[in-house]
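1. Next comes the sequence, and after it the predicted model I'd like to discuss.
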Amino acid sequence: MTQTRSRSRSAARLATVQALYQHDMEGTPLPRLLKEFHEHRLGATIEDATYHDAEQDFFDDLVTGADARRDEIDALIASRLAEGWTLERLDRPMRAILRAGAYELLGRADVPVASVISEYVDVAHAFYDKRQSGFVNGLLDAIAKEARPARA
């Protein structure tokens, strides 16, 4: 995979987490949310920071796929939380990271497991300290073992 494609997919993953977070917070309908990201976020310059162009089709698939399979994904995540923990107890950015990563493991067999996990651990580093990034790593690894048993 080229460096540019890799960067554009990384940008798409970060934008996916932001879009899922916004959807969770505001309930913005998906078509409007996707349009907003296409027109104002992906590859834009915001507050003097230029965002890498995100691979738009990949972004769209991650956002719509994670939303369409949300109940299945939430059940997978919840079943791997420590006793006494619920999905609702996780903060919204963490839920968005885990949902996006879980969807990619379930729905994008074209992307290697190791790439998916390391990418979402990197996204987690943008929001959290090392301990929470380790949590993302462990939880997505557990989901990968079930979602892609022959490849994990």
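-> Great, that's in hand. Not measured: the values here are computed from a predicted model.
2. can you give me the mean pLDDT across the host helix or strand of Ala102?
-> Here Ala102, judged by DSSP states H and E, is contained in helix 92-107. Here helix 92-107 scores 96 as its mean pLDDT.
3. what do you get for stretch 25-39?
-> Per-residue pLDDT values across stretch 25-39 average out to 90.
4. distance of the nearest residue to Ala15 once chain neighbours are set aside from Asp60?
-> Leaving aside its sequence neighbours, Ala15 sits nearest to Ala54 (CB to CB, 6 or more residues apart in numbering; 5.1 Å). Every residue, glycine included, has its C-beta placed from N, CA and C. Applying CB to CB, to the nearest Å, the value for Ala54 to Asp60 is 10 Å.
5. the more surrounded of those two?
-> Ala54 (25 against 18; other CB atoms under 10 Å).
6. Which element is encountered next along the chain beyond the lowest-mean-pLDDT helix or strand in the chain?
-> In the chain, no helix or strand scores lower on mean pLDDT, DSSP states H and E than strand 49-50, which sits at a mean of 52. On the C-terminal side of strand 49-50, the nearest following helix or strand under DSSP H and E is helix 56-68.
7. Outside of the following helix or strand past that following helix itself, list whatever touches it.
-> Next helix or strand after helix 56-68 toward the C-terminus (DSSP H and E): helix 70-78. Helix 70-78 has contacts (CB atoms under 8 Å, 6 or more residues apart in numbering) with 66, 86-87, 95, 98-99, 102-103, 106, 139, 143, 146-147.
8. Skip ahead from the longest helix anywhere in the chain and say which helix or strand is next.
-> Longest helix in the chain, counting residues (DSSP state H): helix 3-26. Note on helix 3-26: by DSSP H and E, the next helix or strand toward the C-terminus is helix 30-40.
9. What are the buried residues along that next one?
-> Buried residues in helix 30-40, counted by 16 or more other CB atoms under 10 Å: 33-34, 37.
10. I'd like these laid out as CSV, including distance to Arg80.
-> Output for those, formatted as CSV (distance: CB to CB, whole Å):
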residue, distance to Arg80
Leu33, 27
Leu34, 29
Phe37, 29
